[in-house]
Structures are given as structure tokens and as C-alpha cells.
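[1] requesting a structural model of the entry that follows:
(2 chains)
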Amino acid sequence: MELYKNHELSIYNSLTKQKEKFEPITPGNVGMYVCGPTVYSNVHLGNVRTFMSFDMIFRYLKHLGYKVRYVRNITDAGHLENDADAGEDKISKKARIEEIEPMEVVQRYTVDFHNMLNLFNFLPPSIEPTATGHIIEQIELIATIIENGFGYVVNGSVYFDVHKYNETNDYGILSKRKLEDLIHNTRALDGQSDKKNPQDFALWKRAEPQHIMKWPSPWSEGFPGWHLECTAMSTKYLGNQFDIHGGGLDLKFPHHECEIAQNQAAKGVSPVKYWMHTNMLEMNGQRMSKSTGNIINPEQLLSGDNDKFDKGFSPSVIRFFMMQSSYKSVLDLTNDGLIASEKGYNKLMELISLLDKITPSSTTNTGDISVENLRNDCYAAMNDDFSTPMLIGTLMSNGKLIHGLSNGTYQINEADLTLLKETYHSFVFDILGLQQETAAGLDTEKLNSTVSLLIELRDNARANKDFATSDRIRDQLLEAGIQLKDGKEGTTFSIN
RNA sequence: GGCAUCUUGGCCGAGUGGCUAGGCAGAGGUCUGCAAAACCUUCUACAGCGGUUCGAAUCCGCUAGAUGCCUCCA
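    Residues are numbered from 1 along each chain as shown, chains lettered A, B, ... in the order given. Have a look, this model is predicted:
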């Protein structure tokens, strides 16, 4: 279904700093590249937020009927600790500290990364290439950049000549910086003697003898610079120019700026039509940071095993929380915010279970709400630069329609009911990527029959006005984490 | 210091020239043996000052405050 033909999607382009109508380079096809994690430690919750935003974008583009090729890389080499000559690869540093093979580090944290994303119900990208798997492509790219006069070799290392590049191109076009300002504001770092200018960045670094991760190249035994891998892998799989490039806001400069420069220098074109940057995740009003201790692992947030939050939160609640804010806004992770989201999420899931129980009538009478309008509002929200907060608002505020249908105030015919169900299901599950969470790890069938028995006993007690017994059942169950809910149709329960 | 972004009601968080965001919390109600849950109703806002405009939370300027990047970071 080529829905995109009937929808005008607009995307905020960080390059032009405005919303633009989305028109892919090849009609019907979308190429999207997102800078993935450097696998040298456990996945950070901020990474989860960024990748979740692009997961949602991937989902919506697919929903619109685009054929999407989504490339998200794994950085398993080349990411320098700092840009000085003494710079050490993050992976080898970790390997040295832990006395294990670099590829063991990579394997461990790649597995952790995938496990975590699975928990949060991420779709796998179309291609997940690794930097170490593309050393040859990177070497070729460096050779071309040198050939074109934008790279120079010093002591076996290769640097990108930013000043030379800036004579014919605009270094700073993405981050809105001027080279002269950068010159004035670059801090003096030790050991930069190899570079012609401090603004130059490494394309290839010669490895010291004790270095464990290194590859042969025309210039030295060494390893590629960090910015290079994304240029090599994105253009290999998506072409010299592609539609969307995403990543966290903190990668805008220098990483993405350098990608543009490398692509211009090697291929003569700017690589990306729409640059998208996701904003930062904070916790309790402060940037998450290992050095200040303002940090929490995803596992700890899920389990509640931490000193920052009252309890654990399920993956869908965290996803709902993140989807309630715009990917372009700073999001502050707080206890109150998560509690509020948990209630909101439960409410939405309740709406969907109600909706699934509604039976069609011969005619439709839904007051001043029309299913058609509701559906259009959902699309309008998403078409407006993937406004998931607006989408959630629409889904929530039309809850009165579902309640009205449920309690008989409104009626709906079969065609409209199908459309309504389809709308809620596709936006909530397929696009937002939320899941209806049944108590994971519990044998729900056995639990159901057990609690049903208790509900029956309680009903009998209440009928006999033996409230001591009925209240005891209710209160004891609540203490055990099972909440009874008395409704018109009888008593149901939920697990807290 | 430079560049950029942001400042919405008790809290979170959308919107962006005239028209209800939404959630949480609060208040009132329906239901209930009492509750809880659920549902219904309801309150409150656009940092300050000046300008543009018939009209500004929305555009422009200034002031104050916060944040990000400038060094590895999603």
C-alpha cells in the first residue's frame, strides 16, 4: 500500500533549520543511516532514546509504504579516546584494562546492545555493518581524499586538511560554525604536532607497537579515524547521496560535520538530503554523566534496582514516556514523569482492550466525533515531523468515543469499527511500537484460574454481607500485587 | 569566551499569528456495603520589558535564567 502518495510528510532538517516536505531521492524508496553505538560499555539510556526515535521513524516510513533501507552501524574500532596523537582506540583501551581480546569487548557489548533493544521492542535495521568489517572501504576512501588534495600524510598517519577544504567548501555548514571562530576557540591539546592545524582530524592513525587493534595500510599499520567509518558504510549501502542521516545532537559537531567534509572531498557531493538530530536525555534535570554519578543503566530502570526511582518500569512504559515528548526536545527522566506515564500507558491499553470487545451495530452514531477525522488527526500528527506527542494526545482524547461505544451511548457499523480498530492498532503497536504487556514470566493461565476462584469466593462473601472475608481477599491480593477492579460486568484484576 | 537552542498552568509535556492539546496531580460527581478501579465534569498558562499587527504564547528586539556543543559522547 503506497500510502505515502496521499500523505505529505514534513521533516525538520537540521541542515536548513526548517521543516521541509519529505521527498525521497528515489520515489518510493528511503535510505536512512543512523550512527550506532560504540560497543565499549553497556548501552546507555540516552542511546536507547535516540535509537527509539529512529525506530519510530523507521516504523512510520514503512507504514506509509516506503521501501526503507535502514542502516545503523556498530562502531567496533577507530573511535579515539581523544584526537591527540596519543589517542587510543576506545575498544582497545577497554580490552587492555580488562585484559581481554578487543573482539571480546565488542562481542560482549554488542550482545548487550541487541538484548536491550529487543526488550524495548525495536525492529532490527536492514543492515547493521561494523567498522572492522569495512577497513578496506575506509582505506580506499582515504586514498581518494588524498588524491583529491584534501588529506596529507605525517609519520604514517593521515589527516584531513580542514583549512584547504574550507577554501572551496563550507566547513561548518551543518553546525553553523565558522572556521575562524573554531581557530580562536580550539583548546590547546598536547601532542598535536603532527597536524598542520588543530582543526584537522584523523583519517588514519599509525598504531604504536603495543597497540592490539591494527590493520595494514599504504601509510602504516594502524587504524581508521572515527568519522570515516560512517562515510564509508553509509555511501557503500545507500549511495553517495541518500535521504536521511540521523544521530544524537551531540554528534552534530564534529562528527557529522566531518562526514559532510569527507563526502565532499571524496565524492564531490554533500551526502545527505535530510539531517535529523535527536535531543538529549536528562535525569532529574541534569545531563546523564558517569563522572557525576547521574547515571542509570536500562536494566536498573526496568528492575527498580536503583536509588533514583521508587520502582521499576516496564519497557513499554518507558517507551510511552519517551514517545510523549518530541525527539527534538530535551527529555527529563524523573520519578513523577514515569509514574504519570505508567498511568497514561495503562489508560491507553485499557482503551484498546475495550475497543476490541465492541460489537458493530447496523448504523453509526458517534456524536461529534468521526472515525475518519480521528484517523486523519493521527496521520496529521505523524506527518508533522513525527509528532508522537500529538499522536498520543489524539489517541487519548478520543477515548470518550471508545467509552461511549462501550457503554452504549454511541453505535458504530462494521466498516467504521474495523477502521477504528485498525487505526488504534496500527498507530499504537506498529508505529509507536508499544506492546500490550501481560505479566511477563508469569503463568497467566494458572494465575487467571486462581484469581477467578478468589473473586468468586469474594462475590459469595459479599452476597452474604460477610465483608470481613471479602475485604480480606481484596486487601491481601492487593498486598500481593494483584488489584481487583469491580465493574458493571463483574470483577477483573490487574497485576501491579 | 564563541556558536546554538530553550523558558507554557501544582508537575510533565504539545502547539506556534485569531479557535479545547494530552497525561499526572487537585476539586466535584456517578458507581460501590465501604473502598479501589473506571467513567463524567471542572480549575489554572504561555519568563520579564518593549515593538510589529485589527489581533501575539506564537513574529522582531532587549533583559534575565537554563541547557547543549566547542575535547570522547546518542
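
[2] what are the ranges of the strands in the stretch 251-400 of chain A?
    Assigned by DSSP state E, counting those that start in this stretch, the strands in the stretch 251-400 of chain A fall at A:272-278, A:281-283, A:286-287, A:331-333.

[3] right, so those: which one is the most enclosed?
    Greatest average neighbour count among the strands of the stretch 251-400 of chain A goes to strand A:272-278 (a mean of 23), per mean count of other C-beta atoms under 10 Å. C-betas here are computed from N, CA, C, even on glycine.

[4] show me what the longest helix along chain A is in contact with.
    Longest helix in chain A by number of residues, with DSSP state H as the criterion: helix A:335-357. Residues outside helix A:335-357 that contact it (C-beta atoms under 8 Å, 6 or more residues apart in numbering): A:308-310, A:313-314, A:316-318, A:320-321, A:324, A:392, A:395-396, A:399, A:402-403, A:405-406, A:420-421, A:424-425, A:428, A:434, A:436-437, A:494.

[5] end to end, how far does stretch A:427-445 reach?
    29 Å (C-alpha to C-alpha, to the nearest Å).

[6] just stretch A:304-311 next, same as before
    One end of stretch A:304-311 to the other measures 4 Å (C-alpha to C-alpha).

[7] circling back: just the buried ones from the contacts of helix A:335-357?
    Taking 16 or more other C-beta atoms under 10 Å as the criterion, what is buried in these is A:309, A:313-314, A:316-318, A:320-321, A:324, A:392, A:395, A:402, A:405-406, A:420, A:424, A:428, A:434.

[8] returning to what we had before: any chance of the strands of the stretch 251-400 of chain A in a markdown table, plus distance to A:Arg96 and mean pLDDT?
    Shown next, in a markdown table, are the strands of the stretch 251-400 of chain A (distance: least, C-beta to C-beta, whole Å; pLDDT from 0 to 100):
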| stretch | distance to A:Arg96 | mean pLDDT |
| --- | --- | --- |
| strand A:272-278 | 32 | 92 |
| strand A:281-283 | 30 | 85 |
| strand A:286-287 | 28 | 76 |
| strand A:331-333 | 33 | 86 |
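
[9] with distance to RNA strand B as added columns, please give those in CSV.
    Output for the strands of the stretch 251-400 of chain A, formatted as CSV (distance: least, C-beta to the nearest atom of the strand, whole Å):
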stretch, distance to RNA strand B
strand A:272-278, 6
strand A:281-283, 4
strand A:286-287, 3
strand A:331-333, 4
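
[10] tabulate those strands (TSV), appending distance to A:Val39.
    Below are these laid out as TSV (distance: least, C-beta to C-beta, whole Å):
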stretch	distance to A:Val39
strand A:272-278	20
strand A:281-283	19
strand A:286-287	22
strand A:331-333	23
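
[11] which of these sits closest to A:Thr132?
    strand A:272-278 (24.1 Å; C-beta to C-beta).

[12] now the closest one, how far from the chain's geometric center?
    Offset of strand A:272-278 from its chain centre (C-alpha atoms, centre = their mean, to the nearest Å): 14 Å.

[13] which of the buried ones among the contacts of helix A:335-357 fall within helices?
    A:316-318, A:320-321, A:392, A:395, A:402, A:405-406, A:420, A:424.

[14] closest to RNA strand B out of these?
    The closest of those to RNA strand B turns out to be A:Ile392 (C-beta to the nearest atom of the strand; 5.9 Å).

[15] low-confidence regions, the stretch 201-350 of chain A specifically.
    Counting by pLDDT under 70, the stretch 201-350 of chain A has low-confidence residues at A:289-292.

[16] what do you get for the stretch 1-150 of chain A?
    For the stretch 1-150 of chain A, residues meeting the criterion pLDDT under 70 lie at A:78-88.

[17] which residues in it form strands?
    Using DSSP E, counting those that start in this stretch, strands in the stretch 1-150 of chain A cover A:10-13, A:18-21, A:29-34, A:67-72.

[18] tell me which strands and helices the second one is in contact with?
    The reference is to strand A:18-21. Strand A:18-21 makes packing contacts with strand A:10-13 when contacts are defined by 3 or more C-beta pairs under 8 Å, 6 or more residues apart in numbering; DSSP states H and E.

[19] contacts for the strand it packs on?
    So strand A:10-13 is contacted by A:18-22, A:244, A:273-276, A:328, A:383-386 (C-beta under 8 Å, 6+ apart).

[20] most neighbours among these, which one?
    Scoring the contacts of strand A:10-13 on neighbours with other C-beta atoms under 10 Å, the highest-scoring entry is A:Phe386 at 27 neighbours.

[21] next one: the longest helix of chain A to chain centre, how far?
    21 Å.

[22] what are the buried residues along it?
    A:338-339, A:341-342, A:344-346, A:348-349, A:351-352, A:355.

[23] next: stretch A:172-180.
    Buried residues in stretch A:172-180, defined by neighbour count with 16+ other C-beta under 10 Å: A:172, A:174-175, A:177, A:179.

[24] about what we covered before: which two among the ones in helices among the buried ones among the contacts of helix A:335-357 are spaced furthest apart?
    A:Ile318 and A:Leu405 (30.3 Å).

[25] A:Ile91 contacts A:Ile97, correct?
    No. A:Ile91 lies out of contact with A:Ile97 (C-beta atoms under 8 Å); the separation is 11.0 Å.

[26] looking at the two, which one has more neighbours?
    Neighbour totals were compared for A:Ile91 and A:Ile97, and A:Ile91 leads with 27 against 9 (other C-beta under 10 Å).

[27] for RNA strand B, see how far away that one is.
    11 Å (C-beta to the nearest atom of the strand, to the nearest Å).

[28] so what's that residue up against?
    Contacts of A:Ile91 (C-beta under 8 Å, 6+ apart): A:38-40, A:76-77, A:79, A:102, A:105-106, A:213.
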